[in-house]
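S.K.: Below: sequence and its predicted model.
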Amino acid sequence: MLPQQSRMRRAEDFRRVLRTGRRAGGSVLTGHLLLPVGPDGVAGTPGEVLSGDPAKVGFVVSRAVGSAVVRNRVKRRLRELMRGRLASLPRGCLLVLRAHPAAASARQADLAADLDLVTGRLLRRQVGVLRQE
């Protein structure tokens, strides 16, 4: 399970990340990442996230993935995978993971590989944006 303070629950947080965050996709997942605002107010993308907060992760699993049982299973599997990867995320960032229908039948190893691919792409892109400023 993800720690309580690392779960994204507010709809406005999801909306803000999906609209203003960077996006990267894989075969079973798409990720959206919004980096925090630093002490000087500069960040890679606009937002009001404070850098002292813990990283938060939210999951979007639509009905296209399957029945309620399947969707909840996919969310549980993703939460478990993210629990071990929270330390690799920058403090204060917001990450939304959107599951594709293929996530329902994906093996855990494939889901983990796609999660690593998506988060790696997002973090590399954000670091590139910050270096350009």
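M.R.: Great, that's in hand.
S.K.: residue boundaries of the strands in this structure?
M.R.: Assigned by DSSP state E, the strands in the chain fall at 22-25, 29-34, 56-61, 94-99.
S.K.: The shortest one - which strands sit beside it in the sheet, and in what orientation?
M.R.: According to DSSP bridges, the neighbouring strands of strand 22-25, each with its direction, are strand 29-34 (antiparallel).
S.K.: What's the mean pLDDT across the strand it pairs with?
M.R.: For strand 29-34, the per-residue pLDDT values average out at 95.
S.K.: ok, now stretch 76-94?
M.R.: Per-residue scores along stretch 76-94 average to 92.
S.K.: returning to what we had before: can I get the strands of the chain in TSV with mean neighbour count and distance to Ala109?
M.R.: From N, CA and C alone the C-beta is placed, and that goes for glycine too. Output for the strands of the chain, formatted as TSV (neighbours: other C-beta atoms under 10 Å; distance: least, C-beta to C-beta, whole Å):
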stretch	mean neighbour count	distance to Ala109
strand 22-25	17	19
strand 29-34	24	14
strand 56-61	20	19
strand 94-99	24	16
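S.K.: from the middle of its chain, how far away would stretch 88-95 be?
M.R.: Distance of stretch 88-95 from its chain centroid, counting by C-alpha atoms, centre = their mean, to the nearest Å, is 9 Å.
S.K.: which residues sit against it?
M.R.: With contacts defined as C-beta atoms under 8 Å, 6 or more residues apart in numbering, stretch 88-95 is touched by 8, 13, 16-17, 21, 31-37, 47, 49-58, 119, 122-123.
S.K.: so can I have a markdown table of the strands of the chain showing distance to Met1?
M.R.: Formatted as a markdown table, those follow (distance: least, C-beta to C-beta, whole Å):
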| stretch | distance to Met1 |
| --- | --- |
| strand 22-25 | 25 |
| strand 29-34 | 19 |
| strand 56-61 | 12 |
| strand 94-99 | 16 |
